[in-house]
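A.B. asks: This is a predicted model, with the sequence first.
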Amino acid sequence: MSSALAVIGFDGSVAAEAAIREAAGILAPRRALVVVVWEAGRAFETATLPVMGFAMPAVSLDIRSAFELDKARYEAAERLAQQGAALAQDAGFEAEGLAVADDITVGDSLVRIAQEQVAAAIVIGTHGHSGLHDLVLGSTSRRVVSRAPCPVVLGGIFQPEPE
């Protein structure tokens, strides 16, 4: 087994699950870090959002409630990362999950982690159309492909154009 690491971006979507299975065919049995990126602190933004000037009733979310909500979001991200790691293990990777709180885009977070880990590849799911020239990348896929320090494996749901 190669010691080089594959960084797998995972969001729980069907495309992300398909990307793991497809990438295993070319990358397994390599070590993999299944990464779920989440935005910490969003609940605190809601708790401190000024409501004056808006035609809305005052928000009654206090700091303790915001903390509990943020903690719940972290725990959900952690569970999703472990679910992704289990899928990757079933596909043949030696995988572990990682929930990452970041205030940059998901794509930039995946690129940063790949750089820090000196990754051999980044794996992400995408939706698109068949045919290379018709491939439609989402913003995360586009960002990763344009900035990655290593090869990027795109997998997921590719559907033919209607005739």
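C.D. replies: Arrived safely. Residues are numbered from 1 along each chain as shown.
A.B. asks: burial count for residue 146?
C.D. replies: Using other CB atoms under 10 Å, residue 146 is surrounded by 11 other residues. From N, CA and C alone the C-beta is placed, and that goes for glycine too.
A.B. asks: Which pLDDT value goes with residue 3?
C.D. replies: pLDDT recorded at residue 3 is 60.
A.B. asks: for residue 79, that is, sorry about that
C.D. replies: In this model, residue 79 is scored at 97, pLDDT.
A.B. asks: Use 503 as the first number for this chain going forward.
C.D. replies: Right, with 503 as the first residue, what we last looked at is residue 581.
A.B. asks: Show me what the helix or strand where it lies is packed against.
C.D. replies: In the assignment (DSSP states H and E), residue 581 maps to helix 565-593. Applying 3 or more CB pairs under 8 Å, 6 or more residues apart in numbering; DSSP states H and E, we find helix 565-593 packed against helix 516-529, strand 533-540, helix 544-550, strand 596-603.
A.B. asks: Quick one, which of the ones you listed gets closest to residue 655.
C.D. replies: Closest approach to residue 655 among the helices and strands packed on helix 565-593 (CB to CB): helix 516-529, 4.6 Å.
A.B. asks: Next, the buried residues of that closest one.
C.D. replies: In terms of neighbour count (16 or more other CB atoms under 10 Å), helix 516-529 has its buried residues at 517, 518, 519, 520, 521, 522, 523, 524, 525, 526, 529.
A.B. asks: tell me which of the residues you listed is nearest to residue 585?
C.D. replies: residue 519 (9.4 Å).
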